[in-house]
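Undergrad: Model the following, please.
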Amino acid sequence: MHPTETLYIPVADDVQLAATSIGEGHRPVVVLMHGAGQTRHSWRNAGQRLAGAGWRAVTIDTRGHGNSDWPQNGDYSVDTLVSDLITVVQYFAGHSETKPVLVGASLGGITGMLAEGETASRVFRSMVLVDITPRIDNTGVARIIEFMNRYQDGFASLQEAATAIAAYQSNRPRQTNSAPVASDTNGSKSLQGLKKNLRLAHDGRFYWHWDPRLMQHIGTIDENFYQRQRHAAANLKLPVLLIRGQQSEIVSRESVDEFLELVPHAQFQDIADAAHMVAGDSNDVFARSVLDFIGLSE
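TA: Prediction:
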């Protein structure tokens, strides 16, 4: 096991972001940002792999997620998320001689792309975007949002939550070969892992580990925001790897081709048997792809 530390990074007067640092403190930093509705624990296996290869992996709970604070004003705007990410980078600036690598999935990738592409100075040394491009399939996004909204009343047990997730996975438009949570052969371990994405409330029910007000800021991509992302992507000058789950619900091959036109120096990898949650669907292949890329892009 590698040295592991829980950190709390202040990004606003009333908001601290919870983070897990894996690996020696003097090593170059890789910041891993999850997507909407996830927590930093979705990167646990990848973080261990990165630490084993000589990196310091820092997994972040974005505001309103996991063990991070919920802002009193309910501000989850993308501009605020970008500001939070830049503050995280500044926090680690004194711990490493080099800029951090960013690995950003979905909303975490959007945040990273805007932070880098809309800032005059370079923020990251390299960037891995996980199943996100400026153009996404709004039908797939709407389906994910519907699932996130469906269980506002929580779950009576971890098993009930696992069954709901398994049903969602089995109904994907393009199924993967990865086993759903509820049918994992190691059921007890799987449920304990799921527990990190849920919070047990005083009423005895389990709720998603994120602020429901987040959903006021999450939606399909309109034309203005699409154009903003295109502009940011075209300004990316650092080494970039785009990883797509080949069975992705939201990123098509046409969207990938458009991104590669905007960022012609970017590398691309399609991971078979993975959907939008690439790191979870095909963890070993995902971690190896990230390590190969950031090792070569130093």
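Undergrad: Tell me where the chain has helices.
TA: Assigned by DSSP state H, the chain shows helices spanning 44-52, 78-93, 107-117, 138-150, 158-170, 187-195, 223-234, 253-262, 278-281, 283-296.
Undergrad: Please enumerate residues in contact with the longest one?
TA: For helix 78-93, the surrounding residues in contact (Cβ atoms under 8 Å, 6 or more residues apart in numbering) are 9-12, 15, 17, 19, 29, 31, 33, 58, 60, 62-63, 99-100, 107, 110-112, 114-115, 118-119, 123-124, 217, 225. Glycine gets a C-beta too; all of them are placed from N, C-alpha and C.
Undergrad: List buried residues within these.
TA: Buried subset of the contacts of helix 78-93 (neighbour count, 16 or more other Cβ atoms under 10 Å): 9, 11-12, 15, 17, 19, 29, 31, 33, 58, 60, 62-63, 99-100, 107, 110-112, 114-115, 123-124, 217.
Undergrad: among the residues you listed, which are in strands?
TA: In this view, the buried ones among the contacts of helix 78-93 that belong to strands under DSSP state E are 9, 11-12, 15, 17, 19, 29, 31, 33, 58, 60.
Undergrad: would JSON lines of these with pLDDT and distance to residue 77 be doable?
TA: As requested, those are exported to JSON lines (pLDDT from 0 to 100; distance: Cβ to Cβ, whole Å):
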{"residue": "9", "pLDDT": "97", "distance to residue 77": "19"}
{"residue": "11", "pLDDT": "97", "distance to residue 77": "13"}
{"residue": "12", "pLDDT": "96", "distance to residue 77": "12"}
{"residue": "15", "pLDDT": "98", "distance to residue 77": "13"}
{"residue": "17", "pLDDT": "98", "distance to residue 77": "16"}
{"residue": "19", "pLDDT": "98", "distance to residue 77": "21"}
{"residue": "29", "pLDDT": "96", "distance to residue 77": "26"}
{"residue": "31", "pLDDT": "97", "distance to residue 77": "20"}
{"residue": "33", "pLDDT": "97", "distance to residue 77": "16"}
{"residue": "58", "pLDDT": "97", "distance to residue 77": "23"}
{"residue": "60", "pLDDT": "98", "distance to residue 77": "18"}
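Undergrad: And stretch 233-247, what's buried?
TA: Across stretch 233-247, burial judged by 16+ other Cβ under 10 Å covers 233, 235-236, 238-247.
Undergrad: Quick one: end-to-end distance for that stretch.
TA: In stretch 233-247, first residue to last residue: 23 Å (Cα to Cα, to the nearest Å).
Undergrad: domain assignment for this structure?
TA: 4-137+220-296, 139-215 (automatic domain parsing).
Undergrad: any idea which of the ones you listed scores lowest on pLDDT?
TA: Mean pLDDT is lowest for domain 139-215 among the domains of the chain, at a mean of 77.
Undergrad: now the end-to-end length of that domain.
TA: Domain 139-215 has an end-to-end distance of 16 Å (criterion: Cα to Cα).
Undergrad: ok, back up a step: just so I know, which of the helices of the chain lies nearest residue 128?
TA: helix 283-296 (5.5 Å; Cβ to Cβ).
Undergrad: how far does that closest one sit from the chain's center?
TA: Between the centre of helix 283-296 and the centre of its host chain there is 16 Å, according to Cα atoms, centre = their mean, to the nearest Å.
Undergrad: Show me what it is packed against.
TA: With contacts defined as 3 or more Cβ pairs under 8 Å, 6 or more residues apart in numbering; DSSP states H and E, helix 283-296 has these neighbours: helix 44-52, strand 126-130, strand 240-245, strand 267-271, helix 278-281.
Undergrad: Let's have the ones you listed in TSV, adding distance to residue 147.
TA: Formatted as TSV, these follow (distance: least, Cβ to Cβ, whole Å):
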stretch	distance to residue 147
helix 44-52	22
strand 126-130	19
strand 240-245	17
strand 267-271	22
helix 278-281	15
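Undergrad: Please work out which of these is packed deepest.
TA: Ranked by mean neighbour count, these are led by strand 126-130 with a mean of 26 (mean count of other Cβ atoms under 10 Å).
Undergrad: and that one, which strands flank it?
TA: For strand 126-130, the pairing partners within the sheet under DSSP bridges are strand 101-105 (parallel), strand 240-245 (parallel).
Undergrad: just the angle between the shortest one and helix 283-296, please?
TA: Interaxial angle of strand 101-105 relative to helix 283-296 (axes from the mean of the first three to the mean of the last three Cα atoms, to 10 degrees): 150 degrees.
Undergrad: distance of the closest residue to residue 49 other than its chain neighbours from residue 153?
TA: Leaving aside its sequence neighbours, residue 49 sits nearest to residue 287 (Cβ to Cβ, 6 or more residues apart in numbering; 4.1 Å). Separation of residue 287 from residue 153 (Cβ to Cβ, to the nearest Å): 36 Å.
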